[in-house]
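A.B. asks: structure for this input, please:
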Amino acid sequence: MIAEIPYADEGGGKTRPALVLSSYEHNQNRRDLVVAKISGTGAFSSWDVRINKWPEAGLMKPSKVVCDHITVVSKASAIVIGHIDTGTLAGVKKKVGLLLSL
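C.D. replies: Prediction:
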């Protein structure tokens, strides 16, 4: 999906791809979505997960899920552009679990 993702260290934000992390149940009853930022630039960190099948995810170039940049966005502003592959999703679940000590 794409949505307005706030910057981590300053005001404002940028329209960019993101991966929805919140559950179907949450998303049915709320007006917001919990997401992780997707980026195609910058250095790769230990909190990032490469997106294996980035064209199927609707992305224009090789990208990564930035698992330590989780935020909430309005469902009304979100646009679905593709779907993430199961291997990448498993990696994201593992990193987010480590981040949150789950």
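A.B. asks: separation between residue 47 and residue 39?
C.D. replies: Distance, residue 47 to residue 39, using Cβ to Cβ, to the nearest Å: 11 Å. For every residue, glycine as well, the C-beta is placed using N, CA and C.
A.B. asks: joint contacts of these two?
C.D. replies: Both residue 47 and residue 39 are contacted by residue 66, under the criterion Cβ atoms under 8 Å, 6 or more residues apart in numbering.
A.B. asks: now the element after the strand ranked longest in the chain, going C-ward?
C.D. replies: When secondary structure is assigned using DSSP state E, the longest strand within the chain turns out to be strand 64-74. From strand 64-74 onward toward the C-terminus, using DSSP states H and E, the following helix or strand is helix 86-99.
A.B. asks: what's the angle from that following helix to strand 64-74?
C.D. replies: 70 degrees (axes from the mean of the first three to the mean of the last three Cα atoms, to 10 degrees).
A.B. asks: which residue is the nearest non-sequential neighbour of residue 22?
C.D. replies: For residue 22, the nearest residue in space outside its immediate sequence neighbours is residue 34; the separation is 3.8 Å by Cβ to Cβ, 6 or more residues apart in numbering.
A.B. asks: mind listing what the longest strand of the chain pairs with, with the direction of each?
C.D. replies: Here strand 64-74 has these sheet partners by DSSP bridges: strand 32-39 (antiparallel), strand 48-50 (antiparallel).
A.B. asks: in JSON lines, list those strands along with distance to residue 58.
C.D. replies: As requested, the strands paired with strand 64-74 are exported to JSON lines (distance: least, Cβ to Cβ, whole Å):
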{"stretch": "strand 32-39", "distance to residue 58": "10"}
{"stretch": "strand 48-50", "distance to residue 58": "16"}
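A.B. asks: give me the low-pLDDT residue ranges for the protein?
C.D. replies: Within the chain, no range satisfies pLDDT under 70.
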